[in-house]
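Colleague: Structural data only, the sequence is not supplied:
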């Protein structure tokens with residue numbers, strides 16, 4: 001029975017706790033934890049500096065204006081930082097963790113297919129590094145020009161720009177995480193995107209959930225392995241058979 005992207009996203013939370021898969025979750029989780037911790041520490045420090053600068057421009061006798069600015073700017077600045085940098089740092093984390101993410105996706109697929117997880121050594125992982133890094137660079141080349149365009153709209157079009165940025169992020173999250181099982185089966189990036197667009201409803205709702213939970217501090221530390229597990233489950237249950245038929249794999 002067909003399920004939606006939301007179902008598969010939450011399925012990822014269960015899969016990361018599965019016996020045998022936990023050890024493959026550790027590296028993606030650790031990379032995400034370190035990068036997001038450093039990013040938010042730096043970015044929120046910059047927010048505080050920027051808001052203090054703006055407030056200091058207001059004369060002391062306008063104390064109520066200072067209070068109002070502080071009240072309005074903090075949530076606006078925090079939301080903007082989360083919307084803009086969640087995808088950017090998430091993409092960086094995925095780029096660094098790409099070989100490990102591919103392994104996690106492979107192990108999840110084996111688990112869901114009832115196969116033995118296997119115990120391939122480090123050399124098998126090392127051999128895959130050039131291919132996985134190349135795939136991430138392909139995604140980056142596709143992502144960057146579009147991200148720049150939507151980022152410009154983010155600042156030029158109030159509300160509409162933020163909505164478009166959110167939807168773009170959601171689609172990018174779907175591409176980012178669903179790509180791991182496709183790549184494990186050697187499906188080219190362009191063909192993967194075309195096939196995923198045929199299942200846009202599931203993919204986009206899945207990406208929206210990843211996007212929303214990536215904005216929640218602390219929870220976003222585990223989003224990478226959760227999203228990989230959820231996307232792989234969607235591949236096994238919804239996409240794999242259709243992909244093999246339509247793409248000839």
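Modeller: Arrived safely. Because the structure is a prediction, the values reported are computed rather than measured. Residues are numbered from 1 along each chain as shown.
Colleague: contacting residues around the closest residue in space to residue 150 that isn't next to it in sequence?
Modeller: The shortest distance from residue 150 to any non-neighbouring residue, by C-beta to C-beta, 6 or more residues apart in numbering, is to residue 168 (4.5 Å). The C-beta positions use only the backbone N, C-alpha and C, and glycine is treated the same way. For residue 168, the contacting residues are 146-147, 150, by C-beta atoms under 8 Å, 6 or more residues apart in numbering.
Colleague: What helix or strand is the spatially most central residue of the chain located in?
Modeller: With distances taken as C-alpha atoms, centre = their mean, residue 173 lies nearest the centre of the chain, 4.5 Å away. Taking DSSP states H and E as the criterion, residue 173 maps to helix 160-184.
Colleague: Please name every helix or strand in contact with the following helix or strand past that helix.
Modeller: Note on helix 160-184: by DSSP H and E, the next helix or strand toward the C-terminus is helix 189-197. Judged by 3 or more C-beta pairs under 8 Å, 6 or more residues apart in numbering; DSSP states H and E, helix 189-197 is in contact with helix 122-156, helix 160-184, helix 240-246.
Colleague: mean confidence score for the last one?
Modeller: What helix 240-246 shows for mean pLDDT is 73.
Colleague: now swap in the longest one and tell me
Modeller: Helix 122-156 shows an average pLDDT of 84 in the prediction.
Colleague: Next, the angle from that helix to helix 189-197.
Modeller: 60 degrees (axes from the mean of the first three to the mean of the last three C-alpha atoms, to 10 degrees).
Colleague: Buried residues in helix 122-156, which are they?
Modeller: Across helix 122-156, burial judged by 16 or more other C-beta atoms under 10 Å covers 128, 132, 135-136, 139, 143, 147, 150-151, 154.
Colleague: tell me the two of those that are most distant?
Modeller: Spanning the widest gap among these are 128 and 154, at 35.4 Å by C-beta to C-beta.
Colleague: wait, doesn't residue 179 sit right on residue 195?
Modeller: No: counting by C-beta atoms under 8 Å, residue 179 stays clear of residue 195, with 10.8 Å between them.
Colleague: Counting neighbours, go ahead and name the busier of the two.
Modeller: Under the criterion of other C-beta atoms under 10 Å, the comparison of residue 179 against residue 195 puts residue 179 first, with 26 against 19.
Colleague: residue contacts, that one?
Modeller: 135, 139, 189, 192.
Colleague: do you know how far the first one is from residue 235?
Modeller: Spatial separation of residue 135 from residue 235 under the definition C-beta to C-beta, to the nearest Å is 15 Å.
Colleague: Can you say which helix or strand has residue 105 in it?
Modeller: Short version, using DSSP H and E: residue 105 is in helix 63-112.
Colleague: Right, I'll leave it there.
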